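Participant: I'll drop the sequence and a predicted model, then ask my questions.
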Amino acid sequence: MLKIENLSVHYGMIQAVRDVSFEVNQGEIVSLIGANGAGKTTILRTISGLNQPSKGTITFEGVPIQKKAPRKIVAQGISQVPEGRHVFSGLTVLENLEMGAYLRKDDAIKKDYEHVYEKFPILKERLNQDASTLSGGEQQMLAMGRALMSKPRLLLLDEPSMGLAPIFIQEIFNIIQEIQKQGTTVLLIEQNAKMALSIADRGYVLETGKVVLSGTGQELLESEEVKKAYLGG
């Protein structure tokens, strides 16, 4: 579904991503793990069109997208939940969800609101509340619900557990698995390597902008290198 080949990204003179190649097959959860500054967020932002690659190709469902505008990438079927949630403060929960459906003109939008409420019942209770007044966990749910309202075939998740209480973290990961079971492919970036790999079909380990290890989620969980660096083993 998604193929990244020899991707490099620079911020001025600083190279954040170095010749990265990986792929995501339809229906998978694929996790990218690595320390802060490894280039994980930069890769997601480049897939979404927010950063421009200095080299390499990004292909989605056989179509190159590395030169497309972000709105066209969303329209093509890729939606991102950014690190730090970034809900629209000053807008209600419902208005945030409406922003997720901004590019849609089909007749299934109302039905998809109901699907979001089924996954995140708390959002239905808070529909007319300013998004900025929600707890961190509720804002994460809203950011995920907003992304799902664009009806993505590929969902990019950037650090969904960051700053959340343990009870919310487990709930978010359960929902990620549910989203996958319902047919959405997931590319997940997550500091909590153990949780990320435990639900991943496959994973890639990034260090200083390069892929240094790859394998199934289980293989990486059992890897001595991964245990030492990321799992406290």
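Facilitator: Yep, that arrived.
Participant: C-alpha from now on. contacts and neighbour counts both.
Facilitator: Noted.
Participant: Show the low-confidence segments of this protein, by residue range.
Facilitator: Within the chain, the stretches with pLDDT under 70 are 232-233.
Participant: at 90 instead, please
Facilitator: 35-38, 83-85, 103-108, 110, 136-137, 162-169, 191-192, 227-233 (pLDDT under 90).
Participant: what are the ranges of the helices in it?
Facilitator: For the chain, helices defined by DSSP state H occupy the ranges 40-47, 70-76, 93-100, 109-119, 121-125, 136-148, 166-181, 193-199, 217-222, 224-230.
Participant: Any idea how far the last one is from the middle of the chain?
Facilitator: Going back to what we said before, that points to helix 224-230. 23 Å (CA atoms, centre = their mean, to the nearest Å).
Participant: Could you list the buried residues of that helix?
Facilitator: Using 16 or more other CA atoms under 10 Å as the test for burial, helix 224-230 gives 226, 230.
Participant: Quick one: residues in contact with it.
Facilitator: Defining contact as CA atoms under 8 Å, 6 or more residues apart in numbering, one finds that helix 224-230 is touched by 34, 193, 194, 220, 221, 233.
Participant: can you pull the contacts of the fifth one?
Facilitator: Translated: residue 221. So residue 221 contacts 194, 197, 198, 227 (CA under 8 Å, 6+ apart).
Participant: Just among these, which is most surrounded?
Facilitator: Neighbour counts for the contacts of residue 221 (other CA atoms under 10 Å) peak at residue 197, which has 25 neighbours.
Participant: Might one say that that residue is in contact with residue 205?
Facilitator: No. With contact defined as CA atoms under 8 Å, residue 197 does not reach residue 205; the gap is 10.5 Å.
Participant: Please enumerate the shared neighbours of those two.
Facilitator: Common neighbours of residue 197 and residue 205, using CA under 8 Å, 6+ apart, do not exist here.
Participant: can you list the domain ranges for this protein.
Facilitator: Per the TED database, the structural domains of the chain span 2-77+152-231, 89-151.
Participant: so which of those domains comes closest to residue 83?
Facilitator: With CA to CA as the criterion, residue 83 lies closest to domain 2-77+152-231 of the domains of the chain, at 4.8 Å.
Participant: just how off-centre is that closest one within its chain?
Facilitator: Centre to centre, stretch against its chain (CA atoms, centre = their mean), the figure for domain 2-77+152-231 is 7 Å.
Participant: ok, now stretch 101-109?
Facilitator: Counting by CA atoms, centre = their mean, stretch 101-109 is centred 21 Å from the centre of its parent chain.
Participant: re the thing from before, ok, which pair from the contacts of residue 221 is furthest apart?
Facilitator: Using CA to CA, the contacts of residue 221 span at most 13.1 Å, a distance reached by 198 and 227.
Participant: which residues touch the residue nearest the centre of the chain?
Facilitator: Nearest to the geometric centre of the chain sits residue 157, at 1.5 Å (CA atoms, centre = their mean). Residue 157 sits next to 80, 81, 82, 83, 186, 187, 188, 189 when contact means CA under 8 Å, 6+ apart.
Participant: Including neighbour count, could these go into CSV?
Facilitator: Formatted as CSV, the contacts of residue 157 follow (neighbours: other CA atoms under 10 Å):
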residue, neighbour count
80, 23
81, 25
82, 20
83, 17
186, 28
187, 24
188, 24
189, 26
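Participant: Distance to residue 15 for the residues you listed - can I get that in JSON lines?
Facilitator: Listed next are those as JSON lines, based on distance: CA to CA, whole Å:
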{"residue": "80", "distance to residue 15": "23"}
{"residue": "81", "distance to residue 15": "24"}
{"residue": "82", "distance to residue 15": "21"}
{"residue": "83", "distance to residue 15": "21"}
{"residue": "186", "distance to residue 15": "26"}
{"residue": "187", "distance to residue 15": "22"}
{"residue": "188", "distance to residue 15": "22"}
{"residue": "189", "distance to residue 15": "19"}
